[in-house]
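Participant: Provided below are the primary sequence and the corresponding predicted coordinates.
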Amino acid sequence: QVQLVESGGGSVLPGGSLTLSCVASGNIRSIYAMGWHRQAPGKEREMVATRSLGDYTFYGDSVKGRFMVYRDYEKNTVELQMSRLRPEDTAVYYCRAEQIATMEGSYSMGQWGKGILVTVSS
C-alpha cells in the first residue's frame, strides 16, 4: 500500500518562505504526477502545484511566480517551495500522487496525504 507523508508545515510571517516535502512510500513502480493541493477554512480544496512525468508543471493562478514544485523521481518525493507568503495562503496543504503503479501490479488513480497546516500571520 502506498502512503504519502508530508512535512515542513508551520507558522510564518507574511512575506516569508516555507518549504513543504512529501515522500511516497511503498513498493512503487511509477507515479505519473505528484503535487500539492490546499484547503483553507470554509473553502473548497484547490490545486496548488503539480509536476508530472516529462516535467510538465501546473500552478494555481494565485501562486504563480511565488511557489515552485520539484520532484525527485527516483526517491518518489515532491517539494513545494513557497515564497512571498500571504495570509490568504493559510491552509491545510495536501500532498497528492496520481496514477500510481506498484511492483506487485496494482494501480491506483490517486492518493492523498493526511495534510499539513501552513499558517501565514503576523
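Facilitator: Received the coordinates, thanks.

Participant: Please make it C-alpha for all contacts and neighbour counts, starting now.
Facilitator: Fine.

Participant: what's around the closest residue to residue 86 other than its chain neighbours, how many residues?
Facilitator: Distances taken as Cα to Cα, 6 or more residues apart in numbering put residue 14 closest to residue 86, at 5.1 Å, once the chain neighbours are dropped. Counted with other Cα atoms under 10 Å, the neighbours of residue 14 add up to 17.

Participant: What residues of the lowest-mean-pLDDT helix or strand in the chain count as buried?
Facilitator: Lowest mean confidence among the helices and strands of the chain (mean pLDDT, DSSP states H and E): strand 107-112, at a mean of 93. Residues of strand 107-112 classed as buried by neighbour count (16 or more other Cα atoms under 10 Å): 107, 111-112.

Participant: Check which helices and strands that strand sits against.
Facilitator: Helices and strands touching strand 107-112, by 3 or more Cα pairs under 8 Å, 6 or more residues apart in numbering; DSSP states H and E, are strand 3-7, strand 91-102.

Participant: Could you tell me which strands sit next to the first one in the sheet, and their orientation?
Facilitator: In this case it means strand 3-7. strand 18-25 (antiparallel) (DSSP bridges).

Participant: The partner strand to strand 91-102, inter-axis angle?
Facilitator: Counting by axes from the mean of the first three to the mean of the last three Cα atoms, to 10 degrees, strand 18-25 lies at 30 degrees to strand 91-102.

Participant: Run the chain-centre distance for strand 18-25.
Facilitator: Relative to its parent chain, strand 18-25 has a centroid offset of 7 Å by Cα atoms, centre = their mean, to the nearest Å.

Participant: repeat for stretch 12-25
Facilitator: From the chain centre to the centre of stretch 12-25 is a distance of 9 Å (Cα atoms, centre = their mean).
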